[in-house]
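Visitor: Sequence plus the predicted model coming up.
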Amino acid sequence: GDFSLQAGAVIVTSGGIGGNHELVRRVWPAERLGPAPDVMVSGVPHHVDGRMLQITRDAGAATINDDRMWHYTEGVRNWDPIWPNHGIRILPGPSSLWFDALGNRMEAPCLPGFDTLATLKRILATGHGWSWFILTQSIIKKEFALSGSEQNPDFTSGKWMEVIRSRVLNKAATGPVEAFKTHGPDFIVADTLETLVAGMNGLTGTPMLDTEHIRMQVEARDREIENPFSKDAQVTAIRGARNYLGDKLVRTARPHRILDPRHGPLIAVKLNILTRKSLGGLHTDLDGRVLDASGNPVPGLYAAGEVAGFGGGGYHGYNALEGTFLGGCIFSGRIAGQKAG
């Protein structure tokens, strides 16, 4: 039932809206990114639903930059979900071939691990909310990582030998990646391109992909991988990545032809749009005080973290660098806690 709690100050730290796909679509910036996808997977828990945003608005708060969000293009359905519609993000190396839903290889900068928002806009321009990786066992072994501490037990062990054993000395991909390859509903494994494309069409239920069109593009890329003077942007990126020893050892596969059976089997991954960060939110001042529509503080009301756009209602702008979200949560939380106390 209803309840009431009284306090001298309230700090709202309820997170964003990524668990509420209806709300995500409602504020989706269609004019910037294209139409919101019909189907998404959730990269945040179900309780991150934006409910506290409306409750705080009802208390007099203003929100700004609601249309600024940071969602990912490499989401796969979790075969062992923790929350409803649970998605996991693939953190890809540079070698997988990336195709849109219509079977066209995507151009630079829409390459694995490059430009998230450009790729999101490119995918949605097809009128469909998914895309595809085509790769080999050699690529998945070296280049696939999964977002989330539970998907990286070697790193969370705190033992570097576990990392080396898992990612350098192991002939297979990491255990969690191999589990997704075996059990994940978005993964297809095949020995021939014909069988692979048939499986891809079967997964969507529509014969949108033409085997010969896919083959033409894969073979064109394979010719370029053998050309030392290649101007293919992705091939150039692969070679550039391997110039750095760290990437060469643990992050970038040795260049090879996708259709070389020695590097098989072939693997296709259906990539869904995965909801994640809300870059706008409750409007606050530099002291973490929540502001009303006139720009005046709402007495006793503070906000921090993602619900406040990681600070102020839009700390990042339209884009965000990986690894910068936690700092905004910690700093804005520290300020709000100091001022509220």
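Guide: Received it, and whenever you're ready, just let me know what you need.

Visitor: Could I get the full set of strands for the stretch 1-150 of the chain?
Guide: For the stretch 1-150 of the chain, the strands defined by DSSP state E, counting those that start in this stretch occupy 10-12, 41-42, 63-64, 69-77, 87-91, 97-100, 130-136, 145-146.

Visitor: Nearest to residue 297 among those would be which one?
Guide: Comparison of the strands of the stretch 1-150 of the chain against residue 297 by C-beta to C-beta identifies strand 10-12 as nearest, at 12.7 Å. Every C-beta, even on glycine, is put in place using the N, C-alpha and C of the backbone.

Visitor: Of the strands of the stretch 1-150 of the chain, give the one that comes closest to residue 333.
Guide: Closest to residue 333 of the strands of the stretch 1-150 of the chain, according to C-beta to C-beta: strand 10-12, at 7.9 Å.

Visitor: With mean neighbour count, distance to residue 199 and mean pLDDT as added columns, please give the strands of the stretch 1-150 of the chain in TSV.
Guide: Shown next, in TSV, are the strands of the stretch 1-150 of the chain (neighbours: other C-beta atoms under 10 Å; distance: least, C-beta to C-beta, whole Å; pLDDT from 0 to 100):
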stretch	mean neighbour count	distance to residue 199	mean pLDDT
strand 10-12	21	46	98
strand 41-42	24	20	98
strand 63-64	20	44	96
strand 69-77	23	15	96
strand 87-91	24	18	97
strand 97-100	23	14	99
strand 130-136	24	11	99
strand 145-146	20	21	93
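
Visitor: Out of the ones you listed, which gets nearest to residue 182?
Guide: strand 69-77 (13.0 Å).

Visitor: packing partners for that closest one?
Guide: Counting contacts by 3 or more C-beta pairs under 8 Å, 6 or more residues apart in numbering; DSSP states H and E, strand 69-77 packs against strand 41-42, strand 87-91, helix 116-124, strand 266-278.

Visitor: about what we covered before: distance to residue 190 added to the strands of the stretch 1-150 of the chain, as a markdown table?
Guide: Listed next are the strands of the stretch 1-150 of the chain as a markdown table, based on distance: least, C-beta to C-beta, whole Å:
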| stretch | distance to residue 190 |
| --- | --- |
| strand 10-12 | 49 |
| strand 41-42 | 24 |
| strand 63-64 | 48 |
| strand 69-77 | 17 |
| strand 87-91 | 19 |
| strand 97-100 | 15 |
| strand 130-136 | 10 |
| strand 145-146 | 22 |
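
Visitor: Going along the chain, name the strands of the stretch 151-300 of the chain.
Guide: 187-190, 266-278, 281-282, 289-291, 297-303.

Visitor: Residue 126 is nearest to which of those strands?
Guide: Smallest distance to residue 126 across those (C-beta to C-beta): 12.3 Å, for strand 266-278.

Visitor: Residue 181: which of the helices and strands packed on strand 69-77 is closest?
Guide: strand 266-278 (6.7 Å).

Visitor: Now do the closest one: which elements does it pack against?
Guide: Other elements packing on strand 266-278 under the criterion 3+ C-beta pairs under 8 Å, 6+ apart are strand 41-42, strand 69-77, strand 87-91, strand 130-136, helix 137-143, strand 187-190, helix 193-204.

Visitor: Give the partner strands of it in its sheet and their orientations.
Guide: strand 41-42 (parallel), strand 69-77 (antiparallel), strand 130-136 (antiparallel), strand 187-190 (antiparallel) (DSSP bridges).

Visitor: Dump those strands into TSV; add distance to residue 271 as well.
Guide: Formatted as TSV, the strands paired with strand 266-278 follow (distance: least, C-beta to C-beta, whole Å):
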stretch	distance to residue 271
strand 41-42	10
strand 69-77	5
strand 130-136	5
strand 187-190	11
